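Q: Got a predicted structure here, sequence first:
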Amino acid sequence: MDLALLRTFLAVHRAGSLTRAAADLGVSQPAVTAQIRTLEQRVGRELFVRLPRGVAPTAAADELARAVAPHLDALTAVAHETLIPDSGSHAVVRLGCPASLTTTLLLPALAPLMDEGLRVVVAGGQSEELVALLAAGRLDLTLSAVPPRLPGVTVLPLADEEYALVGAPRWKPFNHTEPFNHTGPFNRTEPFNRTGHTPVPVLDLAEDLPYIRLYWSSVFEAEPPSDAALVIPDLRGVLDAAVQGYGIAVLPRPLCAPALQAGTLVLLDEPEVPPIRTLFVAVRGQRARSKGVARVRDRLVGAASRW
């Protein structure tokens, strides 16, 4: 079977769209459509269901992708590493990174490589979005707070990221010595300010309160407050709002550490076992696709021991 058909198939499977796959491959959409039809005729099965926007893989397509992705990615890696010379200072590595990690962890780790002339283009976003871009071939590697489980993506654990419940000094810390009370001023699912009467507003990244929910479920074993007073789709914005006193927030320790040291934020709770999430670095294929990508990956793995 023509490997070009499989390569096109894998691009469509990862992109979820004939149009995006064509852009990734640098060919026309009719050419991609024709190759998918040819492959479907040869395997005797429908591989994609056409949707109003994009395509959805069938079970046969998922099975084929799991079978061919590691081998095609390995061939691509060999081509990049042995047939295409490394461009040195002109190499560009396209790296995904959640915004909360960019200034606190990513940039300090990459500083030595930048001094050596490596060029990096950083894309921000949520972990799930960045992993999707990686699988579609639009990123070379990405940092992620969730373990990607996609065909053709190799994952390495980096470090555990600790989360803290913080707020401006105006807010009252939780008192674990008081009995749990669903209506009283020490109700742990509804924090109160120093007057003991007005519920403290909570801040988060999204309306479903992903960070507040993580803390409440793992530390308090309770449902979080039902609504956020302020939702900002960037943890740096949540940090700034917490410093300004708009409410309390759950933030990664590396992100809020400078504010805690400066006293503009205080810890509102100090559990024996704080909630953590594991950070991962994910690359396409079984091996890095270029020397530049390998250098960035290895640098992140080495730097993670100090995080």
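A: Alright, I've got the coordinates.

Q: How about the contacts made by residue 54?
A: Neighbour list for residue 54: 16, 17, 18, 20 [criterion: C-beta atoms under 8 Å, 6 or more residues apart in numbering]. C-betas here are computed from N, CA, C, even on glycine.

Q: any idea how far it lies from residue 265?
A: Counting by C-beta to C-beta, to the nearest Å, the gap from residue 54 to residue 265 is 43 Å.

Q: Name the strands paired with the helix or strand residue 277 falls within and say parallel or antiparallel.
A: Using DSSP states H and E, residue 277 falls within strand 276-284. Strand 276-284 has the following strand partners under DSSP bridges: strand 141-144 (antiparallel), strand 153-167 (antiparallel).

Q: can you put those in TSV and add mean pLDDT?
A: As requested, the strands paired with strand 276-284 are exported to TSV (pLDDT from 0 to 100):
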stretch	mean pLDDT
strand 141-144	89
strand 153-167	87
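
Q: So which of these is nearest residue 219?
A: strand 153-167 (7.8 Å; C-beta to C-beta).

Q: tell me which residues in the closest one are buried?
A: 153, 154, 155, 158, 159, 161, 163, 164, 165, 166, 167 (16 or more other C-beta atoms under 10 Å).

Q: same question, stretch 274-287
A: Buried residues in stretch 274-287, counted by 16+ other C-beta under 10 Å: 274, 275, 277, 279, 280, 281, 282, 283, 284, 285, 287.

Q: Just the CA trace of the longest helix seen in the chain, in PDB.
A: Criterion DSSP state H: the longest helix present in the chain is helix 59-78. Provided in PDB are the C-alpha atoms of helix 59-78 (Å, rounded to 0.1, in the frame of the first residue of the first chain):
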ATOM      1  CA  ALA A  59     -14.000   2.400  14.800                       C
ATOM      2  CA  ALA A  60     -12.100   1.000  11.900                       C
ATOM      3  CA  ALA A  61     -10.200   4.300  11.500                       C
ATOM      4  CA  ASP A  62      -9.300   4.400  15.200                       C
ATOM      5  CA  GLU A  63      -7.900   0.900  14.900                       C
ATOM      6  CA  LEU A  64      -5.900   1.700  11.800                       C
ATOM      7  CA  ALA A  65      -4.500   4.900  13.400                       C
ATOM      8  CA  ARG A  66      -3.300   2.900  16.500                       C
ATOM      9  CA  ALA A  67      -1.600   0.400  14.200                       C
ATOM     10  CA  VAL A  68       0.100   2.800  11.800                       C
ATOM     11  CA  ALA A  69       0.800   6.000  13.800                       C
ATOM     12  CA  PRO A  70       3.900   4.700  15.700                       C
ATOM     13  CA  HIS A  71       5.500   3.500  12.500                       C
ATOM     14  CA  LEU A  72       4.800   6.500  10.400                       C
ATOM     15  CA  ASP A  73       6.000   8.800  13.200                       C
ATOM     16  CA  ALA A  74       9.200   6.800  13.500                       C
ATOM     17  CA  LEU A  75       9.800   7.100   9.700                       C
ATOM     18  CA  THR A  76       9.200  10.800   9.900                       C
ATOM     19  CA  ALA A  77      11.600  11.200  12.800                       C
ATOM     20  CA  VAL A  78      14.300   9.300  10.800                       C
END
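
Q: That helix to strand 153-167, inter-axis angle?
A: Angle, helix 59-78 to strand 153-167, by axes from the mean of the first three to the mean of the last three C-alpha atoms, to 10 degrees: 100 degrees.

Q: Now helix 59-78: average pLDDT?
A: In this model, helix 59-78 has a mean pLDDT of 82.

Q: after that helix, next one along is what?
A: strand 92-96.

Q: got the angle for the helix or strand harbouring residue 36 vs helix 59-78?
A: Following DSSP H and E, one finds residue 36 within helix 29-43. Relative orientation of helix 29-43 versus helix 59-78 (the same axes, to 10 degrees): 110 degrees.

Q: mind listing what's buried in helix 29-43?
A: In terms of neighbour count (16+ other C-beta under 10 Å), helix 29-43 has its buried residues at 32, 33, 35, 36, 39, 40.

Q: which one is the first one nearest to, not counting chain neighbours?
A: If you skip the residues right next to it in sequence, residue 32 has residue 22 as its closest partner in space, 4.6 Å away by C-beta to C-beta, 6 or more residues apart in numbering.

Q: For the one you found, which three-state class applies?
A: Here residue 22 is helix, with the state taken from DSSP: H, G, I helix; E, B strand; the rest coil.

Q: Tell me which residues touch it, please.
A: Residue 22 sits in contact with 28, 29, 31, 32, where contact means C-beta under 8 Å, 6+ apart.

Q: The protein: helices as residue ranges?
A: Using DSSP H, helices in the chain cover 3-15, 18-25, 29-43, 59-78, 99-101, 107-115, 127-135, 210-215, 235-243, 253-262, 291-303.

Q: Show me what the third one is packed up against.
A: Spelled out, that is helix 29-43. Secondary-structure packing of helix 29-43 (3 or more C-beta pairs under 8 Å, 6 or more residues apart in numbering; DSSP states H and E): helix 3-15, helix 18-25.
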